[in-house]
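Trainee: Quick one: sequence plus predicted model below, questions after.
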Amino acid sequence: MTLLPEADRVGAVELTTVERIRNAALRMVAVQGVSGTSLRAVAAAAGVSLGLVQHHFATKAGLIKAVDDYVFAAVINQITQPVPDTASDSVAEISDRVTAMISQNPDVTNYNRQVGALTPGYDAIAYPLARTFTIGTQFGF
């Protein structure tokens, strides 16, 4: 399972403008960090105008929040899927899902590392999972 469809893939689903902007921001922050990523650069990478980015996300903080929400939703999606009855170890099953998601989506892991670099004691894998479990507990997952 990959989270970000490849633009040149045959039969790829057409992304909405919001998804293209969010995905461009995810990729850019994953490489350049939050401070090295501007709304103007995200707009150029997404193939849209700066005004359109501002229309959908208002500010850089709004865009980063949208990317955060997307990344955490991806993790929640992986850990909240029912574990098959045939699985001998449900914890290992969920761990395998998260490991696969991380290996198939390096931008997500790199994004977490970049964002986490701003937070002392941050762990690129443990923090998102801990936040996911906290959010999931609040919603009964």
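Mentor: Here it is on my side, so go on. Numbering: from 1, shown residues only.

Trainee: how about the lengthiest helix in the chain: buried residues?
Mentor: Criterion DSSP state H: the longest helix present in the chain is helix 60-80. Under the neighbour-count criterion of 16 or more other Cβ atoms under 10 Å, helix 60-80 has 60, 63-64, 66-68, 70-72, 74-76, 78-79 buried. Bear in mind the C-beta positions are built from the backbone N, C-alpha and C, glycine included.

Trainee: helices and strands of the chain: which one has the lowest mean pLDDT?
Mentor: helix 126-138 (a mean of 51; mean pLDDT, DSSP states H and E).

Trainee: So which other helices or strands are in contact with the longest helix of the chain?
Mentor: Judged by 3 or more Cβ pairs under 8 Å, 6 or more residues apart in numbering; DSSP states H and E, the packing partners of helix 60-80 are helix 17-32, helix 39-46, helix 50-57, helix 90-104, helix 106-116, helix 126-138.

Trainee: Just the CA atoms of it, as CSV, please.
Mentor: Taking Å, rounded to 0.1, in the frame of the first residue of the first chain, the C-alpha atoms of helix 60-80 are listed here in CSV:
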residue,chain,number,x,y,z
LYS,A,60,1.8,27.6,6.3
ALA,A,61,0.7,26.4,9.7
GLY,A,62,-2.7,25.4,8.2
LEU,A,63,-0.9,23.4,5.5
ILE,A,64,1.4,21.7,8.0
LYS,A,65,-1.6,20.8,10.1
ALA,A,66,-3.3,19.2,7.0
VAL,A,67,-0.2,17.2,6.3
ASP,A,68,0.1,16.1,10.0
ASP,A,69,-3.6,15.0,9.9
TYR,A,70,-3.0,13.0,6.8
VAL,A,71,0.1,11.3,8.2
PHE,A,72,-1.6,10.4,11.4
ALA,A,73,-4.7,9.2,9.6
ALA,A,74,-2.5,6.9,7.5
VAL,A,75,-1.1,5.3,10.6
ILE,A,76,-4.5,5.1,12.3
ASN,A,77,-5.8,3.4,9.2
GLN,A,78,-3.1,0.7,9.4
ILE,A,79,-3.6,-0.1,13.1
THR,A,80,-7.4,0.0,13.2
